[in-house]
Each structure stands twice: as structure tokens, then as C-alpha cells.
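Peer 1: have a look; sequence and predicted model below, questions after that.
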Amino acid sequence: MSTVCSVYTHFLWKLEHSVVCYNMSGLFIPIVWVIGLLPHTFSVLLIAFYGAPFSNVIPRSNFNGLTTKKVPIHIQQMAMKAQGAHRNGHECFPLFVAAVLIMNGSPVPFHKQNVYAISYAVLRILFNTLYIFVSSEGVSLVRSLVWNMCNILTFSMIIEGVVAQMRF
């Protein structure tokens with residue numbers, strides 16, 4: 001047990017050291033892209049599990065006419081919401097990339113850039129989860145709040161990166 005605890009403690013120390021001492025924010029560009037892709041993968045697997053045929057020839061038509069494919073209505077809705085989360089993730093992606101690149105070209109400390117990038121990734125995971133699984137109007141407002149937090153975070157990254165480069 002002591003060895004496991006020692007390995008775990010060493011891992012946590014290395015992780016904390018990396019966040020503080022190295023700029024890892026650029027690594028979050030592909031991570032956030034994958035986070036945006038996961039809902040699409042989930043929706044494809046979901047409809048395929050229920051017997052809906054999948055065509056890679058015209059992939060964007062796979063979600064048209066699911067009712068004729070005998071997929072239960074709640075599964076259709078979940079698959080369509082997952083597609084919405086996927087599209088939203090890729091719509092927001094360019095702004096995140098711009099924010100990371102602006103901050104990387106600025107004198108903003110590495111640990112701050114890392115915290116911004118990690119926070120954005122965590123918020124996108126939360127957004128995707130809420131988008132796919134929430135079915136009440138009231139709780140969907142939380143999803144909108146998380147979406148706004150993501151945007152505020154990216155704008156903060158851009159503003160802080162630009163302001164840090166200004167010389168007064």
C-alpha cells in the first residue's frame with residue numbers, strides 16, 4: 001500500500017509541477033477538438049446500437065428519418081442533442097484556438113495559461129453532458145450558463161493575452 005501511495009503522490013507532484021512550470025495549454029487544442037468530437041461518436045454508436053443503418057457515403061444524412069428506422073423517440077432525441085453538442089463544440093473551437101495562441105504569444109505566466117485551458121476543457125465536458133442528457137427546460141438554463149462561461153473564459157484569455165503584451 002505504501003508503494004501505491006508513493007507512486008500516486010509522485011504522480012500528483014509531477015502533475016502539479018507540470019501545470020506550474022510548463023506551458024501545456026497548446027496540448028489542449030487537440031484535447032478540446034476531441035471533446036467536441038465525442039458527442040458525434042456517441043450519437044453514431046447510439047443509433048447503430050438500436051439498429052439504424054449507418055452510411056459513410058453521406059454521413060450527415062444518418063440522422064434524417066430516424067423514426068422510420070424504428071429507433072425509440074427518446075434515443076432519437078438524445079442522438080440529435082449529441083449532434084447539437086458536437087456542432088456547438090466545433091463552432092466554438094476556432095475561438096478557443098485563437099485564445100490559446102494569443103496567450104502563448106504573450107508574457108502571461110504558464111500556470112495561468114494552463115488553468116485557463118484546463119478550465120475550458122472541463123467546462124466543455126460539462127456542457128456536452130448537460131446538452132445530451134438534460135431534458136427539462138429549467139436545467140437547460142444551466143447548460144446555457146456553462147456555454148456562456150466557456151465564451152467568457154475564451155474572451156478573458158484573448159483580452160489578458162493582448163493586454164499583457166501592451167507597454168504602457
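Peer 2: Thanks, I have the structure now. Not measured: the values here are computed from a predicted model.
Peer 1: quick check: longest helix of this protein.
Peer 2: helix 73-104 (DSSP state H).
Peer 1: flag every buried residue along it.
Peer 2: Under the neighbour-count criterion of 16 or more other CB atoms under 10 Å, helix 73-104 has 75-76, 78-79, 81-83, 85-86, 88-89, 92-93, 96-97, 99-103 buried. For glycine as for every other residue, the C-beta is placed from the backbone atoms N, C-alpha and C.
Peer 1: gap between it and the chain center?
Peer 2: With CA atoms, centre = their mean, to the nearest Å as the basis, helix 73-104 stands 7 Å off its chain's centre.
Peer 1: got a pLDDT number for the residue most central in space within the chain?
Peer 2: By CA atoms, centre = their mean, the chain has its centre lying nearest to Arg124, at 3.3 Å. Looking at Arg124, its pLDDT reads 98.
Peer 1: repeat for Glu160
Peer 2: At Glu160, the model reports a pLDDT of 95.
Peer 1: and what of Ser2?
Peer 2: With respect to pLDDT, Ser2 scores 65.
Peer 1: got it, and Leu38?
Peer 2: Looking at Leu38, its pLDDT reads 97.
Peer 1: ok, now Phe133?
Peer 2: 94.
Peer 1: gap between the closest residue to it other than its chain neighbours and Phe110?
Peer 2: Spatially, and ignoring its direct neighbours in sequence, Phe133 is nearest to Met78 (7.6 Å; CB to CB, 6 or more residues apart in numbering). Distance, Met78 to Phe110, using CB to CB, to the nearest Å: 39 Å.
Peer 1: same thing with Gly26?
Peer 2: Applying CB to CB, the value for Gly26 to Phe110 is 11 Å.
Peer 1: need the phi and psi values for Asn23.
Peer 2: Here is the backbone geometry of Asn23 (degrees, to the nearest 10): phi -90, psi 100.
Peer 1: quick revisit: and the longest helix of the chain, what does it pack against?
Peer 2: helix 28-49, helix 110-133, helix 137-165 (3 or more CB pairs under 8 Å, 6 or more residues apart in numbering; DSSP states H and E).
Peer 1: that one to helix 28-49, inter-axis angle?
Peer 2: 170 degrees (axes from the mean of the first three to the mean of the last three CA atoms, to 10 degrees).
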